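Enquirer: Predicted structure and sequence below. I'll ask about it afterward.
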Amino acid sequence: MEKFSLKGKVALVTGSTKGLGKGVAMALGNAGAKVALNYLNNREHAEIALKELEDCGVRAMLVRADAANAEQVHAMVEAVQEKFGSLDILVPNATPDQPQKPVENYDGDFYRKMYDFFVLSPLYLTQAVLSGMKKKGDGRIINITSEVFHSSVPQFSAYVAAKGGQIGWSRSMASELAPFGITVNTVAPGWIPTERHEQDPQEDKDAYLSTIPLGRWGNPSDVGNAVCYFASPAASFVTGQTLCVNGGRTPW
């Protein structure tokens with residue numbers, strides 16, 4: 001349907017050459033958007049992801065940048081704009097490792113690292129794309145957060161605190177940018193096993209799966225479809241919202 005089409009749009013998804021990010025990028029591309037894939041460390045993984053999108057008929061490009069570095073973020077956005085034109089859809093998704101441990105075992109540097117990725121990275125990215133979006137009077141910013149902020153996961157305080165900050169920042173931006181025709185929303189996935197979870201204990205996976213009312217694991221395309229909704233004309237009057245993608249595990 002036309003109201004869900006992203007034909008002619010340009011999207012940038014950070015941390016998008018594997019896991020949830022790749023699922024989001026694929027969904028946006030399949031909906032018609034040109035997609036910029038961002039990576040930092042693994043060129044081989046990045047090129048595989050690029051080929052997967054191109055094999056599906058998606059116009060895509062690779063751009064290497066640290067999504068938590070302001071200078072590199074601005075250079076990345078300039079590179080995307082030079083190849084595809086001004087950005088219409090921004091999806092901050094890049095993430096560092098997320099170990100769980102008791103609060104007394106955390107330190108300030110680790111907390112700051114979480115803040116860098118989940119508050120400062122969206123800030124830098126938004127600042128880099130904002131002039132183009134304001135000029136067009138249209139834009140979509142969709143942050144990938146997590147259900148952990150709502151479900152109060154223990155021994156995860158740095159990640160949960162940073163995700164709470166990301167959600168709060170997004171709500172503030174939604175109000176600030178609405179007069180310019182720019183919407184800001186968040187998608188909050190539950191635990192969706194990807195490459196990073198391959199070594200997680202099976203008993204932990206079984207325990208979590210037993211709490212999902214729909215009775216199955218989510219997959220990256222479920223998250224991608226939610227992002228596509230927020231990115232589409234169908235969501236033009238929706239801003240400042242958080243959509244949990246967790247199979248009904250939403251008790252709050």
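Expert: Thanks, I have the structure now.

Enquirer: which one's the longest strand in this structure?
Expert: Taking DSSP state E as the criterion, the chain has its longest strand at strand 182-189.

Enquirer: For that strand, which helices and strands make contact with it?
Expert: helix 121-136, strand 139-144, helix 157-177, helix 220-231, strand 242-245 (3 or more Cβ pairs under 8 Å, 6 or more residues apart in numbering; DSSP states H and E). Bear in mind the C-beta positions are built from the backbone N, C-alpha and C, glycine included.

Enquirer: Let me know which of these is the nearest to Thr183.
Expert: strand 139-144 (5.7 Å; Cβ to Cβ).

Enquirer: Adding mean pLDDT and mean neighbour count, write the helices and strands packed on strand 182-189 out as TSV.
Expert: Supplementary listing: the helices and strands packed on strand 182-189 in TSV, determined by pLDDT from 0 to 100; neighbours: other Cβ atoms under 10 Å:
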stretch	mean pLDDT	mean neighbour count
helix 121-136	97	19
strand 139-144	98	26
helix 157-177	95	19
helix 220-231	97	23
strand 242-245	95	19
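
Enquirer: looking at those, which is closest to Ala49?
Expert: Taking these one by one with Cβ to Cβ, helix 220-231 is closest: 11.5 Å.

Enquirer: Just the residues contacting the closest one, thanks.
Expert: 4, 6, 9, 11, 19-20, 22-28, 31, 33, 88-89, 91, 140, 142, 144, 183, 185, 187, 189, 192, 194, 235, 238, 243, 245 (Cβ atoms under 8 Å, 6 or more residues apart in numbering).

Enquirer: and these, which of them are in helices?
Expert: Among those, the residues falling in helices (DSSP state H) are Gly19, Leu20, Lys22, Gly23, Val24, Ala25, Met26, Ala27, Leu28.

Enquirer: before we move on, the earlier item: kindly reformat the helices and strands packed on strand 182-189 as TSV containing distance to Pro102.
Expert: Shown next, in TSV, are those (distance: least, Cβ to Cβ, whole Å):
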stretch	distance to Pro102
helix 121-136	26
strand 139-144	26
helix 157-177	9
helix 220-231	29
strand 242-245	27
